[in-house]
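Visitor: here's a sequence, model it:
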Amino acid sequence: MKERYTTKMYNPSKKIDITKLEELKNILRLSPSSINSQPWRFFFISDVETKALLAKASLFNENKILDCHALVVFSRIDSVEKFETQIKKELPEGFISYYNEFVKPLSNEQIKAWFDRQVYLALGVFLSACANMKIDSTTMEGIETYKYDAILGLEDYHSIVAVAIGYRNNEDFNEPGKKAKSRKEFDLVIKSI
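Guide: You can find the predicted model right below:
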């Protein structure tokens, strides 16, 4: 984690090995979620034209998307009803009971926020996996999610966050060797009881 940082500039000519990409896909598939709900889909985009369209809907992140090897879009299911149908087919009764008792009574907006939190669990796993595999990454909430949905043709899912992955450009000003990593002091964030 000392070496991991938010990459600001990518080397467009350096590509991720296909076996590493497949490993990342499987890591996402195996990510944890509450009650094994898995209310998500992940899109790996390396097609230049699609990346260019998404880059235009990415505010200040355009160059990162254009230069990275792939853009991974994290999305959540957008229909509570479809989610409930899905879990009735896939999950054990105890998990469904938990959902019915603790999640279902919430508003649709709160349930979708619960879906979002499951996706963020997968995001954390993904970023750690990238760091472990020495693949650089940039997490981007600065995207126009509804435009992403339209570009990707999403009907039952909604984009939440995107991650550019690839390898850093040697000129990247944010690289830890050029800019010290800034974190709070250990005792301010870690407490042992």
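
Visitor: secondary structure element for the residue nearest to Leu28 when sequence neighbours are not counted?
Guide: Computed as Cβ to Cβ, 6 or more residues apart in numbering, the closest residue to Leu28 that is not its neighbour in sequence is Phe42, at 4.9 Å. All C-beta atoms are positioned from the backbone trio N, CA, C, and that covers glycine. Assigned by DSSP states H and E, Phe42 belongs to strand 40-45.

Visitor: outside of that strand, which residues touch it?
Guide: 21, 24-25, 28, 33, 51, 54, 70-77, 115, 118-119, 122, 152, 157 (Cβ atoms under 8 Å, 6 or more residues apart in numbering).

Visitor: okay, now Ser34: neighbour count?
Guide: Neighbour count of Ser34, defined by other Cβ atoms under 10 Å: 17.

Visitor: in its sheet, what does the biggest strand by length in the chain sit against?
Guide: Among the segments of the chain that qualify as a strand by DSSP state E, the longest is strand 157-166. Note on strand 157-166: by DSSP bridges, its sheet partners are strand 70-77 (antiparallel), strand 136-140 (antiparallel).

Visitor: could I get the very next helix or strand once past the longest one in CSV with only the CA atoms?
Guide: If you walk from strand 70-77 toward the C-terminus, the next helix or strand you reach (DSSP H and E) is helix 80-90. Extracted C-alpha coordinates of helix 80-90, given in CSV (Å, rounded to 0.1, in the frame of the first residue of the first chain):
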residue,chain,number,x,y,z
VAL,A,80,-35.2,-3.3,-6.2
GLU,A,81,-37.9,-5.7,-7.6
LYS,A,82,-35.4,-7.4,-10.0
PHE,A,83,-33.0,-7.7,-7.1
GLU,A,84,-35.6,-9.4,-4.9
THR,A,85,-36.5,-11.8,-7.7
GLN,A,86,-32.8,-12.6,-8.2
ILE,A,87,-32.1,-13.3,-4.5
LYS,A,88,-35.2,-15.5,-4.2
LYS,A,89,-33.6,-17.7,-6.9
GLU,A,90,-30.0,-17.6,-5.7
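
Visitor: what is the mean pLDDT for helix 80-90?
Guide: What helix 80-90 shows for mean pLDDT is 97.

Visitor: please identify the buried residues of it?
Guide: For helix 80-90, a neighbour-count test (16 or more other Cβ atoms under 10 Å) marks Val80, Phe83, Ile87 as buried.

Visitor: now the helices: where do they sit in this protein?
Guide: Remark: helices assigned in the chain by DSSP state H are 18-29, 48-56, 62-67, 80-90, 93-98, 108-132, 145-152, 186-189.
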